[in-house]
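S.K.: let me see the structure of the following:
(chains A and B)
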Amino acid sequence: MRLALGPVPYYWPGEALLEFYEAVARWPVHTVYLGEVVCPKRRHLRFAEWLELARRLASAGKEVVLSTATILEADADWRAIERICGNGEFLVEANDAAALHALRGRPFVAGPGMNVYNGQALAFLAGLGLRRWVMPFELSGETLAAFQAGRPAAIETEVFAFGRLPLAQSARCFTARAHGLPKDDCQLKCLEYPDGLALQTQDDSPFLVLNGVQVQSAQIYQLLGQVPELERLGVDSLRIAPVHRHTEAVVAAFAAVLAGEETPEAGVARLLPLAPLGLADGYWRGEPGLRSQSSKARPTSA
Amino acid sequence: MELVCPAGNLPSLKAAVDNGADAVYFGFRDDTNARHFPGLNFTPDNAHEGIRYAHSRGVRVFLAINTYPQPAGWARWQGAVDRGAELGVDALILADMGLLAYASRRWPELALHLSVQASASSHAALAFYHEHFGVRRAVLPRVLSVEQVQTVAEKSPTQVEVFGFGSLCIMAEGRCMLSSYCTGQSPNTCGACSPAEHVRWDESPAGLEVRLGGVLIDRYGAGEHAGYPVICKGRYHSGGSPYYALEEPTSLNTLDLLPRLQEIGVTAIKIEGRQRSPAYVARVTRVWREAMDACQRSPQTYRPRPDWVTALRALSEGSQTTLGAYDRQWR
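M.R.: Okay, here's the model as predicted:
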């Protein structure tokens, strides 16, 4: 199995992003997904700068994929998608049917936003030029096994294996709302929260993270403990969603387990201190997503 | 414009038909539709009777098969498509690409509508569904402003249907996993958001507490109205006082926008609420029929009548209504 680094979900300033990817070039990840997938108001890099960055990473030996937005609202969002899909150099991750429309048969990755829940949807997309699909994170390992048994030839499977889950997305900006601001005058508040803005329940349990128009899980979802099973199922790629400080350590932990230098249990133990709000792996077992077998994540009583 | 009303069961279907719906939509009694609640929805027999009742009164019938089948359940969803076609529904409301591919191949004559659960919000996405599956109409997700709906309606090759009234999903539908994060069940997988068997109410010294899958969604003081615990309408905090971090308990009501929606070429207004009672469906349908007729007759002089507004407010969550994302200020 290979490692893939998902797009940065947070609003980091341009310099911070470039610095981050300078380091990524040296990390043991095979694939790097690039682009702003959450909010079109975030203008850290211009399209030409994204492309330059993509070329630098490609020349460092990475497979680079340009990711498209999950939700389109304005016409400008559509023009951005057309630009990405017509880039002519790099594979594209489609997260919305509009991207499929713009791709017109060019090869693509079906991102987590494509909602591929069954083999018939997968077969349909295969006919359009699908190279790789990312399983919806709310599906279980058992469901993945059924997929893998009937997967079309030459289609790769990627599984979300580390990060805060992008649980929902709205037209409303929740970070702006937390500051009493409307989205049209958000003052780019997301810049103040490089890991998102954590919300607690009224009994002070960590629950959600606000990331602009996106709502994430506070708990970090991780499947490092399931690596042997993922390997047995023939999964090609594990996706790590970047977090603010510890992404390099996370990649190292996954790489060590994939290389057989460390047991999955020892790998998970390395992740624990990096996730102070808890780890979760419930979806994999067909349970509520926030449940966890392998950490001290918040227990639930239901 | 066409008025499309919810039919959670046969009495509701008749209530909608009798009170002026142009079309009704329903689902089968299983997880193939996004209102999979106990005691709700149709067996093949009462679907047959409902369709006969509606058709004999000139009302069209749409069947919602708008959850996402997984490999183990595929046969059930495929069966629902076949049963709907054989029952003679006027359109299927689908979200999943696998199912759209199947239905368009197997039943090429049958009209397909794109469910809001597909979350297609741009003319390009609608063009994709039209080109590949022959989708004739799309229900737009509740993330667009009126201006954006207009752009989509103008450029889209499909008809456009928008939500007019009812419970307000503030997230892009079909892309929201908040419910399964706490309960293991989501609209996509099970046709349920915040299923009742995962809800627990407790009296505590701090107030009345409601939990979903063990997670404290809200706590109510004396005299506060306690709402159903959907995660997006709970109160949480980030160090300060708890607040409605995502949305207040409120319903969507677009009576004010009717002339505008008519002018920009919206084909149909959808009323949410298959989980509601026949009496609710009757009252809401009646108000909307009157409003749409008034708007049709004279869009320039149209104003929502006070008795309509009062009637709808009484039927709304927390007695509050909003224009939601149609109004840029809401965002």
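S.K.: which residues of the stretch 201-331 of chain B fall in strands?
M.R.: B:207-212, B:215-220, B:251-253, B:268-271, B:321-322 (DSSP state E, counting those that start in this stretch).
S.K.: now the shortest one, how far from the centre of its chain.
M.R.: For strand B:321-322, the gap between its own C-alpha mean and the chain's C-alpha mean amounts to 16 Å (CA atoms, centre = their mean, to the nearest Å).
S.K.: okay, now the sheet partners of that strand, with direction.
M.R.: The pairing partners recorded for strand B:321-322 under DSSP bridges are strand B:251-253 (parallel).
S.K.: ok, the first one next?
M.R.: For strand B:207-212, the paired strands and their directions (DSSP bridges) read strand B:199-204 (antiparallel), strand B:215-220 (antiparallel).
S.K.: which residues touch the last one?
M.R.: The one in question is strand B:215-220. A:201-203, A:205, A:207, A:290, A:300, B:182, B:204, B:206-211, B:226-227, B:229-231, B:234-235, B:242 (CB atoms under 8 Å, 6 or more residues apart in numbering or on different chains). Where C-beta positions appear, they are placed from N, C-alpha and C, glycine not excepted.
S.K.: hmm, residue A:67 is touching residue A:33, no?
M.R.: Yes. Using CB atoms under 8 Å, residue A:67 makes contact with residue A:33 at a distance of 4.8 Å.
S.K.: what touches both of those two?
M.R.: Contact criterion CB under 8 Å, 6+ apart; residues shared by residue A:67 and residue A:33: A:6-7, A:93.
S.K.: could you report the neighbour count for residue B:45?
M.R.: Residue B:45: 9 surrounding residues under other CB atoms under 10 Å in any protein chain shown.
S.K.: over to residue B:287?
M.R.: Counted with other CB under 10 Å, residues neighbouring residue B:287 total 24.
S.K.: and what of residue A:204?
M.R.: The burial count for residue A:204: 9, using other CB under 10 Å.
S.K.: equivalent analysis for residue A:267, please.
M.R.: Neighbour number of residue A:267 under other CB under 10 Å is 23.
S.K.: can you classify it by secondary structure?
M.R.: helix (DSSP: H, G, I helix; E, B strand; the rest coil).
S.K.: same deal with residue B:86?
M.R.: helix.
S.K.: likewise for residue A:231?
M.R.: Secondary structure state of residue A:231, per three-state DSSP, is helix.
S.K.: confidence score at the nearest residue to it once chain neighbours are set aside?
M.R.: In space, and not counting its chain neighbours, residue A:231 is closest to residue A:1: 5.9 Å by CB to CB, 6 or more residues apart in numbering or on different chains. With respect to pLDDT, residue A:1 has a value of 97.
S.K.: quick check, residue A:1 in contact with residue A:232.
M.R.: No. Residue A:1 lies out of contact with residue A:232 (CB under 8 Å); the separation is 10.7 Å.
S.K.: so how far is residue B:171 from the residue in the stretch 151-300 of chain B that chain A sits nearest to?
M.R.: Relative to chain A, the nearest point of the stretch 151-300 of chain B is residue B:214 (3.4 Å; CB to the nearest CB). Per CB to CB, to the nearest Å, residue B:214 is found 22 Å from residue B:171.
S.K.: among those two, which residue is more densely surrounded?
M.R.: residue B:171 (29 against 18).
S.K.: which ones are touching the more buried one?
M.R.: A:168-170, A:215, B:178, B:232.
S.K.: okay, and which of those map to strands?
M.R.: Among the contacts of residue B:171, the ones falling in strands (DSSP state E) are A:168-169, A:215.
S.K.: ok, of those, which one's closest to chain B?
M.R.: Lowest distance from chain B to these (CB to the nearest CB) belongs to residue A:168, with 4.1 Å.
S.K.: that closest one: neighbour count?
M.R.: Count around residue A:168 with other CB under 10 Å applied: 25.
S.K.: equivalent analysis for the one 10 residues further on, please.
M.R.: Number of residues near residue A:178 (other CB under 10 Å) recorded here: 17.
S.K.: farthest residue from the center of chain A?
M.R.: Farthest-out residue of chain A from its mean C-alpha position, per CA atoms, centre = their mean: residue A:203, at 29.3 Å.
S.K.: got it, and chain B?
M.R.: Distance from the C-alpha centroid of chain B, by CA atoms, centre = their mean, peaks at residue B:205 (37.2 Å).
S.K.: rewinding a little: just the pLDDT for the residue of the stretch 151-300 of chain B closest to chain A.
M.R.: Reported pLDDT for residue B:214: 97.
S.K.: that one reaches residue B:182, doesn't it?
M.R.: Yes. With contact defined as CB under 8 Å, residue B:214 reaches residue B:182; the gap is 7.5 Å.
S.K.: which residues does whichever residue of the stretch 1-150 of chain A sits closest to chain B contact?
M.R.: Relative to chain B, the nearest point of the stretch 1-150 of chain A is residue A:120 (3.0 Å; CB to the nearest CB). Neighbour list for residue A:120: B:69, B:74, B:97-99, B:101-102 [criterion: CB under 8 Å, 6+ apart].
S.K.: reformat the ones in strands among the contacts of residue B:171 as CSV; add distance to residue B:62 and pLDDT.
M.R.: Listed next are those as CSV, based on distance: CB to CB, whole Å; pLDDT from 0 to 100:
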residue, distance to residue B:62, pLDDT
A:168, 26, 98
A:169, 27, 96
A:215, 31, 98
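S.K.: domain parsing for chain B?
M.R.: B:2-168+B:250-330, B:178-233 (automatic domain parsing).
S.K.: give me the number of residues near residue 183?
M.R.: Looking at chain A here, since you left the chain open. Residues near residue A:183, counting by other CB under 10 Å: 22.
S.K.: ah, no, chain B please
M.R.: Residues near residue B:183, counting by other CB under 10 Å, number 27.
S.K.: cool, the one 5 residues further on as well?
M.R.: By the other CB under 10 Å criterion, the neighbourhood of residue B:188 contains 27 residues.
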